[in-house]
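**Q** What follows is a predicted structure for the sequence shown.
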Amino acid sequence: MADRSDTFVSFDPEEMPLDEKLYHSHVREHDSAFLKKHTGIQDDEELRRHAMQIQADAYRVYPYPCIRYFWFIHTDITLQPAYAQLLKLGQKRPGAIFLEIPCAFGNDIRKVIDGGFPQENCVTADLEPSYWALGHRLFKSTPESFPVPFVPGDIFDANYLASAPPFYAPLSTPAPALPSLITLTPLQGRVSAINAAMFFHLFDEAKQLALAQRLASLLSPLPGTLILGLHYSADVKGVRDSQPGGDDTPDVIRVFCHSPKSWAALWDGGVFTKGTVKAEAELRDVPIYATAPPQGKLWLMVWSVTRL
């Protein structure tokens, strides 16, 4: 969702080759069950071949580790403490809009729709249209059978999303028709929930703040509105050079990490006026970093920010 020249992290596919063994170690039973439900493929070997073909095509677009480790099949949004709150917004707030940015293959938004969030109120965005097309291939859907609008663009481009502060008063004009969107600017102040997973860690500290400010401009001022996500982080704020433990590749990922404390402060008192949001964050172990030394270990920070 941002020009890759802006990113703090870079990945070398020659140092991170695809490995069939990672399918067996990283695709969990409930992940394959979700994929079987949507594709109709019930044979495990056929499903593996299908997923690996999509993986290979996606890796040629850009070699993100989440593709190498098959996280594009995961639906980890259900592990979010705020997941039930997200679904409740969709069911209780009339016209509540859910935005997934970046959406990549659309695995999480499909899970949210399966959970009961109205499909007609969902919209997706990403820098790379190829991934959204690969998502249709992965789940064996089409734009007709899964008509969630996709709005491609660079989130740091003012022509795509205008710079604006957070909204503190409701808008009086109606929300735009989601299928008509060609930029995200018309959604400013109107989105009830945003999922921004595996995104922030791609940028340095200044860009992470700028990204948070731009996403905040999209949020409705109504109480209960939220943004949630997860990304690589650490117990102490700063830059980390980390290598997955137990892996035979020499890939070292350089990441700027907020701690849960600094992340909460960024939103409550930084992006938003202090006391107007509830920011929550916790660290969870990532199996591939379980044996990394403390100075190089990465966690997943699971977080949410709710407007009060």
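**A** Received it, and whenever you're ready, just let me know what you need.
**Q** hey, let's count contacts and neighbours off CA atoms from now on
**A** Noted.
**Q** The stretch 51-200 of the chain: helices as residue ranges?
**A** Applying DSSP state H, counting those that start in this stretch to the stretch 51-200 of the chain gives helices spanning 65-68, 83-92, 107-114, 129-139.
**Q** Which of these sits closest to Glu280?
**A** Glu280 sits nearest to helix 83-92 of all the helices of the stretch 51-200 of the chain, at 13.1 Å, using Cα to Cα.
**Q** For Ala133, which non-adjacent residue is spatially closest?
**A** Phe105 (7.6 Å; Cα to Cα, 6 or more residues apart in numbering).
**Q** Around the closest residue to Glu120 other than its chain neighbours, how many other residues sit close by?
**A** Nearest residue to Glu120 in three dimensions, chain neighbours excluded: Val148, at 7.0 Å (Cα to Cα, 6+ apart). Close neighbours of Val148, defined as other Cα atoms under 10 Å, add up to 19.
**Q** Checking Lys278 next. Helix, strand or coil?
**A** With DSSP: H, G, I helix; E, B strand; the rest coil as the basis, Lys278 sits in strand.
**Q** Spatially central residue for this structure, please.
**A** Ala197 (2.3 Å; Cα atoms, centre = their mean).
**Q** Can you report phi and psi for it?
**A** phi -100, psi 140 (degrees, to the nearest 10).
**Q** roughly how far apart are it and Glu20?
**A** 25 Å (Cα to Cα, to the nearest Å).
**Q** now do Pro165
**A** 46 Å.
**Q** Of the two, which one has the most company?
**A** Legend: neighbour count by other Cα under 10 Å for Pro165 and Glu20, higher for Pro165 (16 against 13).
**Q** Now that the more buried one has come up, it's in contact with Leu218, right?
**A** No: Pro165 is not in contact with Leu218 according to Cα atoms under 8 Å; the separation is 9.2 Å.
**Q** Confirm that Thr306 sits in a helix.
**A** No: looking at Thr306 with three-state DSSP, it is strand, so not inside a helix.
**Q** Tell me if I'm right that it and Ile227 touch.
**A** Yes: the pair Thr306 and Ile227 qualifies as a contact (Cα under 8 Å) at a distance of 6.7 Å.
**Q** shared neighbours of these two, which are they?
**A** Common neighbours of Thr306 and Ile227, counting by Cα atoms under 8 Å, 6 or more residues apart in numbering, are absent.
**Q** higher neighbour count, those two?
**A** Ile227 (27 against 22).
**Q** That one - nearest residue in space that isn't next to it in sequence?
**A** Closest residue in space to Ile227, ignoring its immediate chain neighbours: Ile194 at 4.6 Å, by Cα to Cα, 6+ apart.
**Q** again with Lys111
**A** Using Cα to Cα, 6+ apart, the nearest residue to Lys111 is Thr75, at 6.5 Å.
**Q** Go ahead and confirm the one you found touches Asp108.
**A** Yes: Thr75 is in contact with Asp108 according to Cα under 8 Å; the separation is 5.2 Å.
**Q** what ranges do the strands span in this structure?
**A** 98-100, 122-126, 150-152, 193-195, 226-233, 238-242, 253-257, 277-285, 299-307 (DSSP state E).
**Q** export those strands to a markdown table and tack on mean pLDDT?
**A** Formatted as a markdown table, these follow (pLDDT from 0 to 100):
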| stretch | mean pLDDT |
| --- | --- |
| strand 98-100 | 98 |
| strand 122-126 | 98 |
| strand 150-152 | 98 |
| strand 193-195 | 98 |
| strand 226-233 | 95 |
| strand 238-242 | 86 |
| strand 253-257 | 86 |
| strand 277-285 | 96 |
| strand 299-307 | 96 |
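**Q** Can you add distance to His24 and give those strands back as TSV?
**A** Formatted as TSV, these follow (distance: least, Cα to Cα, whole Å):
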stretch	distance to His24
strand 98-100	28
strand 122-126	28
strand 150-152	31
strand 193-195	27
strand 226-233	23
strand 238-242	23
strand 253-257	23
strand 277-285	19
strand 299-307	21
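**Q** For Thr78, give its distance to Ala193.
**A** For Thr78, the distance to Ala193 - Cα to Cα - is 15 Å.
**Q** Looking at these two, which is more packed in?
**A** Ala193 (27 against 14).
**Q** which residues touch Thr39?
**A** Leu138, Phe139, Lys140, Ser141.
**Q** Which entries within those meet the buried criterion?
**A** Buried members of the contacts of Thr39, counted by 16 or more other Cα atoms under 10 Å: Leu138, Phe139, Ser141.
**Q** Check the residues you listed against Asp57 and report the nearest one.
**A** For the buried ones among the contacts of Thr39, the nearest to Asp57 is Leu138 (10.9 Å; Cα to Cα).
**Q** That closest one reaches Gln53, doesn't it?
**A** No: using Cα under 8 Å, Leu138 makes no contact with Gln53, being 9.1 Å away.
**Q** Thank you, goodbye.
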